[in-house]
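> show me how the following folds:
(chains A, B, C and D)
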Protein chains: 4
Amino acid sequence: MMSMGRAFRVTLFGSSHGPEVGATLEGVPAGTPLDLARVQQALDRRRPVGRRLATKRQEEDRLVIDSGLQEGCADGTVIRGHVANQDVRRGPYEQMRDTPRPGHADYPARVRYGATADLSGGGIFSGRMTVGLVFAGAVAAQMLEPQGIQVASFTRAIGSREGQVRDSMTLDEVREGSSRNEVGCPDAEAAQAMEADIEAARREGDSLGGIVETLATGLPVGLGEPFFDGLEGELAHALFAIPAVKAIEFGAGFRAARMRGSEHNDPFFYDGEKVRTRTNHSGGILGGLATGMPLVFRVAVKPTSSIAKSQETVDLSRHEGARLVVTGRHDPCIVPRSVVVVECVTAAVLLDLMMRGGFYP
Amino acid sequence: MMSMGRAFRVTLFGSSHGPEVGATLEGVPAGTPLDLARVQQALDRRRPVGRRLATKRQEEDRLVIDSGLQEGCADGTVIRGHVANQDVRRGPYEQMRDTPRPGHADYPARVRYGATADLSGGGIFSGRMTVGLVFAGAVAAQMLEPQGIQVASFTRAIGSREGQVRDSMTLDEVREGSSRNEVGCPDAEAAQAMEADIEAARREGDSLGGIVETLATGLPVGLGEPFFDGLEGELAHALFAIPAVKAIEFGAGFRAARMRGSEHNDPFFYDGEKVRTRTNHSGGILGGLATGMPLVFRVAVKPTSSIAKSQETVDLSRHEGARLVVTGRHDPCIVPRSVVVVECVTAAVLLDLMMRGGFYP
Amino acid sequence: MMSMGRAFRVTLFGSSHGPEVGATLEGVPAGTPLDLARVQQALDRRRPVGRRLATKRQEEDRLVIDSGLQEGCADGTVIRGHVANQDVRRGPYEQMRDTPRPGHADYPARVRYGATADLSGGGIFSGRMTVGLVFAGAVAAQMLEPQGIQVASFTRAIGSREGQVRDSMTLDEVREGSSRNEVGCPDAEAAQAMEADIEAARREGDSLGGIVETLATGLPVGLGEPFFDGLEGELAHALFAIPAVKAIEFGAGFRAARMRGSEHNDPFFYDGEKVRTRTNHSGGILGGLATGMPLVFRVAVKPTSSIAKSQETVDLSRHEGARLVVTGRHDPCIVPRSVVVVECVTAAVLLDLMMRGGFYP
Amino acid sequence: MMSMGRAFRVTLFGSSHGPEVGATLEGVPAGTPLDLARVQQALDRRRPVGRRLATKRQEEDRLVIDSGLQEGCADGTVIRGHVANQDVRRGPYEQMRDTPRPGHADYPARVRYGATADLSGGGIFSGRMTVGLVFAGAVAAQMLEPQGIQVASFTRAIGSREGQVRDSMTLDEVREGSSRNEVGCPDAEAAQAMEADIEAARREGDSLGGIVETLATGLPVGLGEPFFDGLEGELAHALFAIPAVKAIEFGAGFRAARMRGSEHNDPFFYDGEKVRTRTNHSGGILGGLATGMPLVFRVAVKPTSSIAKSQETVDLSRHEGARLVVTGRHDPCIVPRSVVVVECVTAAVLLDLMMRGGFYP
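Residues are numbered from 1 along each chain as shown, chains lettered A, B, ... in the order given. Purely as a prediction, here's the structure:
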């Protein structure tokens, strides 16, 4: 289904090569002020970055609100927004009907939905569907701010380059640092190398993956629903909807597997009136509930599957092997564009859990 | 909430130190034969392993079916099963009310639910709640088998020891190999070292984490609901409900972040009539849908938080720092016992998706 | 929330005086053929009837499919369709912000959602939202037909006029008879009187209510989910979403309260191979499950609340009593237009239950 | 499925002839005080009434709380309560496997779930499942009281006897009056006639139906979720789960169909600071939202289907007609016992909507 959330409910509509993509938002209380300029800024962060890429698929991605707002405030009903698909070119995708792209949903989608399903440009499997996620999450982020909650995602690694990010960096520093370059990494030096690597990959007709890290502060202690709907489960469920995300780890994550309990357990102490932990291996979550320490997690983004290199595939109508060179317009690395999507999905999940848990006023 | 699944719906009840734990299962069609002996075997795999540990908390964990079965078959109504909590000792936990255990849900649960909430032994945050998951998943596994679907989880790593598992190993070999030792690792040599490490950790009053890997074969191509309820999202959502799971990766997972598209994309080819891929970096999932290749994922299990070593914590009633030595009975490493839980949760999720997608007859 | 159904899921969007109204449909299998001309016919049945009314609010209600169809068949993804709101006049509604219309949602909606909420023309409380229901239900009806299920609603009564409908009338006869007049009543003589009464009510600036009856045949025995999601509960839940519906009764309904068990119980007998009942006081439902006999129910539609007569109300800004004459364009009786809405909602619910119960192929 | 509600979620378990029946309640905030004696009183009201009936099936229906309470308060986790089935006699039901009782779920349940399903005593279709509803609703009623919300159901009619209830009667008077006799009707004279009629029906081996009316006061204006989850839809959905309920009408209900708009519309006026309506034909609901006037609705309860008279049915194994005399223990009229069930289901739905709408603190 195309919906996420229970109290703050987001339903995506449209598809990559239809007339529009967008989302409906349910659960925003009447009178909530919404700054659409800031929502547009989030959408702009999702657009292809850089001079070098800007000549390709051109989408303005201007947000249009169809209903639910009045004089800058939510009217308590469903908020519906969309952006038009302006630059739709169907041609390049027709050939792929019978020769599924390796690493892409083409093959299982065709078996499941048949040859007639709208797979052009990925249909609902396209990264373009994330427009609705950004719209929803940018609204959620604005609603979280007055509650003292901030979310910032950034590029931790691209290919073999990993940015160095001090543990003591504040959320503001992370946000500020990652806004200074096109790849969204707070480590300026690493960012430069990442950009060069992306450019090199593109020249070779290849692609790169990477890691997006997220930091969220101000979560009330206890946020998260017990057992099945804890913070990890709810976040993971939503984040895996982002195309190309293949892994997620909270706090120490896979490193926790190699640690001893005496090392991994975060000791509690009083910092004035506030209970904090000396380390944050838990990533701010114990038993699915927020500890009050920063929420920290990383997702792995696989390299873009659509590459210009010739690949081995099959011809499903001829029942034989085939070669495929994917044309069309594709980012050699979607990590920089995924950053804002991860950040927005996180905000949407946190807002939903705030509302479900009675933490939202 | 204590429920997972939509078409095959599992609701957990009970708590660690109440009279019983168990689950209700909705959605099992009338006439489905259920072999309770095999369900009991799964529950037995969840029990503490080994001579060395067997002297501690003693639970027989005999499954009792309260309703929903008749003459060995589901009657189409709700199936409800429980096991009694026999060896309940409340004492050791009382002290922890005010001094939350580092690495455990005590602190956020107390802030959220108050000092009166039943936190003894972890309440609903206890590993004992997984009894209901194993019951549900063992039923699901039996229902998946006639559909040609098999699920096998095993211990991939404990602490710094990693088992070597050939990619060519069949599911049967994995299952057989991991049943030969107490830690559930198909690599016999590594298993021996793991057992020694666990024993050493216990002597030191410390604990170890590890990695559980899962292999599932026979998934119909296209299994998984598009976008929000794809295979990764649904599995991750449920698996993070297992206490101590802090990370999950599908296929190449975090390694994918360092690969190039030309390397990561799995090339398609015809193996007789069947479309397969030469590699399986996707872990059997593209666009949230099954590719027909084996489903492969790994979860990280953090080291047991309850350790005998003295730890720094706070006294919440006195508002000051405190030291805590957790007594009670605890596994120095829960990875071996988590294996069957991960396997069962996987089966439950797959069955639910089979039913939701119209793949289950 | 604006969604109904679980397996066949309908989400409404838009509002009465925004640019459009419509619905997204999830769960239609790829390859399902859809005859859009027939969907349009259903939408046409929802439009204001008759020469006498046709001069008022003019909406062409041409259905536009935005996504999900390809070459006349569902592509397995979300189907999204809308009709434009062409004849939007905001003016007449502005005055009602402070003087809520008696019998309308104005007052509670304003208290709940505030004065800024888009209440013009009823916003999401408007009868115009039923466009999406008709679209969804007309699609569902086409999918039910190959399963042997037919649904027909008709006008049983308007004001004090009640149509005579023989119990032996077939669904085809009901459908054919009710299509012959503008009020949708199979009793031609009563229909004529109803039309005259509606015209008279309009002249007097008043309105009439009535009763819509529904007949559905071909339901598989056992259709309906046990307990909370039985046929009565699921149908009632959805039908009360239709504006102005205030009551529902299945089979003998309120008459059952006056019957004895020996009279009310429907005796079973074999009609050839088939088990049938001699009477159908149960309306084709026992224990929430279909008996295989025709599904029969009636809903009461209250008289249109927007009337031209001067009414007593309050001025919410001045905190004093006020008089209100509702201008704008309103049907003196919405029963004839409700018929197709009831029929379509019924089809949508039945399809959802067919899918959820594994009855749909 | 066996669950209702989203924020206050009730899941029923057990079955008529298994060891127990009960419910789990999710969503009760930690620290909520619960008076179990009052819950038990509600359960006692559900038991068979009167000397004349008291000699039949004997169930003490003592509530046992399994988890979720501590020192008289909810601990914020799942509350689970059950009552034991003490007086289970399977014998009388065996014969009915092949000869379904007219008016009962036997036949469709058998077709749907097969001959092996546990139909004895009705299984999950038995009125005994309502024990869980009363438990849940009695808890909900206690939580609504501090919010100023009161719910009272009473017997409006049994067979052809209808109680006279003045419109000016307060909820307290209704409650007090209906507690004075065994049928739960505030009209003492009518109650006497009803009792005599029930006794007469029993002597004749026959049964009676009736009408239960409900009054709820103190609902905040605007309560109810828009469109699909309005007050009418949510209440109807849950109330049709009560066995034998076949119709529901809000406010004027079916009478509204015969009224003119000028007569049916309830005029608003200021009663001091408060907006009220001069009449309450809407039953306290407009557009699915509470108006602040008393919520009023009636449900029709069909006559008990299990009667001692010989009835025509079929023998499903022999494929021929048959006669059936239902033995076992059955109430000649379940209306008096349904009163508390309707009242409790209403309270549970209102609490859920209070929580979902942000009205519950």
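
> for chain D, what are the nearby residues on the stretch 1-150 of chain A?
Selection of the stretch 1-150 of chain A residues close to chain D by Cβ under 8 Å from any Cβ of the partner chain yields A:6-7, A:29, A:77. In short, each C-beta sits where N, CA and C put it, glycine included.

> change it to 7 Å
The stretch 1-150 of chain A comes close to chain D at residues A:6, A:77, as judged by Cβ under 7 Å from any Cβ of the partner chain.

> now the strands for the stretch 1-150 of chain A?
A:3-4, A:9-14, A:20-26, A:64-67, A:69-70, A:73-74, A:79-84, A:150-158 (DSSP state E, counting those that start in this stretch).

> can I get these in TSV including mean neighbour count?
Output for the strands of the stretch 1-150 of chain A, formatted as TSV (neighbours: other Cβ atoms under 10 Å in any protein chain shown):
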stretch	mean neighbour count
strand A:3-4	23
strand A:9-14	26
strand A:20-26	24
strand A:64-67	18
strand A:69-70	20
strand A:73-74	22
strand A:79-84	22
strand A:150-158	26
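
> including mean pLDDT, could those strands go into TSV?
Shown next, in TSV, are those (pLDDT from 0 to 100):
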stretch	mean pLDDT
strand A:3-4	92
strand A:9-14	88
strand A:20-26	90
strand A:64-67	87
strand A:69-70	86
strand A:73-74	90
strand A:79-84	90
strand A:150-158	98
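
> so for B:Gly184, which of those strands sits nearest?
Closest of the strands of the stretch 1-150 of chain A to B:Gly184 is strand A:150-158, at 32.2 Å (criterion: Cβ to Cβ).

> picking that back up, can you list the strands of the stretch 1-150 of chain A in TSV and add distance to C:Phe13?
Conversion of the strands of the stretch 1-150 of chain A to TSV gives the following (distance: least, Cβ to Cβ, whole Å):
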stretch	distance to C:Phe13
strand A:3-4	12
strand A:9-14	8
strand A:20-26	6
strand A:64-67	8
strand A:69-70	14
strand A:73-74	16
strand A:79-84	5
strand A:150-158	27
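
> how big is the angle separating the biggest helix by length in chain A from strand A:9-14?
Among the segments of chain A that qualify as a helix by DSSP state H, the longest is helix A:335-356. Angle of helix A:335-356 versus strand A:9-14, following axes from the mean of the first three to the mean of the last three Cα atoms, to 10 degrees, is 140 degrees.

> what parts of chain A come near chain C?
Applying Cβ under 7 Å from any Cβ, we find that chain A lies next to chain C at A:1-2, A:9, A:11, A:13-15, A:18-19, A:24, A:26, A:30-31, A:66-67, A:70-71, A:73, A:75-78, A:80, A:112-114, A:116-118, A:123-124.

> and if we set it to 8 Å?
So far as Cβ under 8 Å from any Cβ goes, chain A lies against chain C at A:1-3, A:9, A:11, A:13-15, A:18-20, A:24, A:26, A:30-31, A:66-68, A:70-71, A:73, A:75-78, A:80, A:112-114, A:116-118, A:123-124.

> tell me which of the strands of the stretch 1-150 of chain A sits nearest to chain B.
strand A:3-4 (4.9 Å; Cβ to the nearest Cβ).

> for the closest one, packing partners?
Applying 3 or more Cβ pairs under 8 Å, 6 or more residues apart in numbering or on different chains; DSSP states H and E, we find strand A:3-4 packed against strand A:9-14, helix A:335-356.

> any idea which of these gets closest to chain B?
Chain B lies closest to strand A:9-14 among the helices and strands packed on strand A:3-4, at 6.8 Å (Cβ to the nearest Cβ).

> where in the stretch 51-200 of chain A is pLDDT low?
Applying pLDDT under 70 to the stretch 51-200 of chain A flags residues A:51-59, A:87-96, A:115-123.
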